[in-house]
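Trainee: need the 3D shape of this:
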Amino acid sequence: MPRIFEYPVAVGPESIDILGHANNREYLRWMEEAAIAHSTARGWPMERYVGLGQAWVAATHFLEYLRPAVAGDALTVFTWIAELGMRDCRRRYAVRRDRKWLARGETRWAYIDLATGRAIDITSEVAMSFEPVADGDPALAALGLARWW
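Mentor: Numbers count the residues shown, from 1 in each chain. As a prediction, this is how the structure comes out:
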């Protein structure tokens, strides 16, 4: 399983706003969907977290729009763990259409106990399932992403 996950997105008419391009909130939705798909591919679907009484919740988002997406576009959302702390992680995203980058983003996800809503230490089993990708990693350079962060 590659450390940088690729999530396909088809831009449908429901994503288009009055200006004729994908609404800003759609990028955030696609980022979250990509994060969940990546976690699932690593053996951690949402049901598994819930079964443990734990989950990831978004603490902060950063999103930079570079180019618009329009209905009918086939996009790829790339996502990876940039940093894994004791109780949180920084996950990064880049959205591409063909060879053009449309957006980049980052979410700091806090790991919480569902009963209390408080941050807890990430279990070793979860932590071992995700290998962080450092800023200068050759895999990012191969995608043309190394200079972004």
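Trainee: select the longest strand from the chain.
Mentor: Among the segments of the chain that qualify as a strand by DSSP state E, the longest is strand 100-113.
Trainee: any idea how far it is from the chain center?
Mentor: In terms of Cα atoms, centre = their mean, to the nearest Å, the centre of strand 100-113 is set 5 Å apart from its chain centre.
Trainee: helices or strands up against it?
Mentor: Judged by 3 or more Cβ pairs under 8 Å, 6 or more residues apart in numbering; DSSP states H and E, the packing partners of strand 100-113 are helix 24-41, strand 54-65, strand 88-97. For glycine as for every other residue, the C-beta is placed from the backbone atoms N, C-alpha and C.
Trainee: contact partners for the spatially most central residue of the chain?
Mentor: A centroid search over the chain (Cα atoms, centre = their mean) returns Ala35, at 3.9 Å, as the residue closest to the centre. By Cβ atoms under 8 Å, 6 or more residues apart in numbering, the contact set of Ala35 is 56, 79, 91, 93, 107, 109.
Trainee: the fifth one pairs with what?
Mentor: Thr107 forms beta bridges with His61, Arg91, as assigned by DSSP bridges.
Trainee: and for the protein, the residue most distant from the center?
Mentor: Most remote from the centre of the chain, using Cα atoms, centre = their mean: Ile18, at 26.3 Å.
Trainee: nice, that's everything, thank you.
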